[in-house]
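J.: Show me how the following folds:
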Amino acid sequence: MGDSLSSIYNPKSIAVIGASEVPGKAAERRTRSLITGGFKGEIYLINPKREKLFDRKAYPSILDIGAKVDLVMIVVPPKIIPQAVADSVKMGAKGIVIITAGLGETGEEGKRLEAEILRIADEGGAK
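T.: This next block holds a predicted model:
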């Protein structure tokens with residue numbers, strides 16, 4: 001399996017940008033699932049408004065982790081995604097999963113935003 005696909009299917013570390021403890025939010029469900037689901041690698045929780053989430057350290061940005069992350073899960077509003085992707089590839093992430101709505105399916109602005117996100121990921125070597 002190629003290196004970038006290995007980062008997605010068999011990551012040693014995962015960062016959740018937009019991690020949340022708010023019940024019912026997509027970010028809360030994804031974060032809780034990672035923590036309670038038996039993932040054996042490092043989990044980095046990213047939320048600029050919190051110092052702790054689920055009794056774990058929370059980082060204001062992926063740039064503050066200080067370690068390479070294999071897989072980044074992005075669960076933030078669409079307008080924040082391009083910067084989150086740029087920061088992720090800057091930190092060496094090769095796998096990025098975006099969980100959102102409001103991109104290409106919403107019209108021209110969403111299509112433009114989606115194209116920008118794909119360009120940033122491609123230029124950074126991420127899948």
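
J.: Any stretches of this protein with poor pLDDT?
T.: 1-4 (pLDDT under 70).

J.: quick one, longest helix in it?
T.: helix 108-123 (DSSP state H).

J.: That helix - contacts with which helices or strands?
T.: helix 81-90 (3 or more Cβ pairs under 8 Å, 6 or more residues apart in numbering; DSSP states H and E). Quick note: C-beta positions are derived from backbone N, CA and C, even for glycine.

J.: Next, count neighbours for the spatially closest residue to Asp70 that is not a sequence neighbour.
T.: Excluding its sequence neighbours, the residue lying closest to Asp70 (Cβ to Cβ, 6 or more residues apart in numbering) is Pro11, at 3.7 Å. Per other Cβ atoms under 10 Å, the neighbour tally for Pro11 reads 21.

J.: a helix runs through Ile35, doesn't it?
T.: Yes. Counting by DSSP: H, G, I helix; E, B strand; the rest coil, Ile35 is located in a helix.

J.: Which residues in stretch 65-78 does the neighbour count mark as buried?
T.: 65, 69-76, 78 (16 or more other Cβ atoms under 10 Å).

J.: all helices of this structure, in order?
T.: Going by DSSP H, the chain shows helices at 3-9, 26-36, 81-90, 108-123.

J.: which one of those lies closest to Ile98?
T.: helix 81-90 (6.1 Å; Cβ to Cβ).

J.: what angle separates that closest one from helix 108-123?
T.: 0 degrees (axes from the mean of the first three to the mean of the last three Cα atoms, to 10 degrees).

J.: Could you list the residues in contact with helix 81-90?
T.: Residues outside helix 81-90 that contact it (Cβ atoms under 8 Å, 6 or more residues apart in numbering): 15, 17-18, 61-63, 69, 72, 74, 76, 96, 98, 100, 113, 116-117, 120-121, 123-126.

J.: quick revisit: out of the buried residues of stretch 65-78, the closest to Glu42 would be?
T.: Among these, and counting by Cβ to Cβ, the member closest to Glu42 is Val69, at 7.9 Å.
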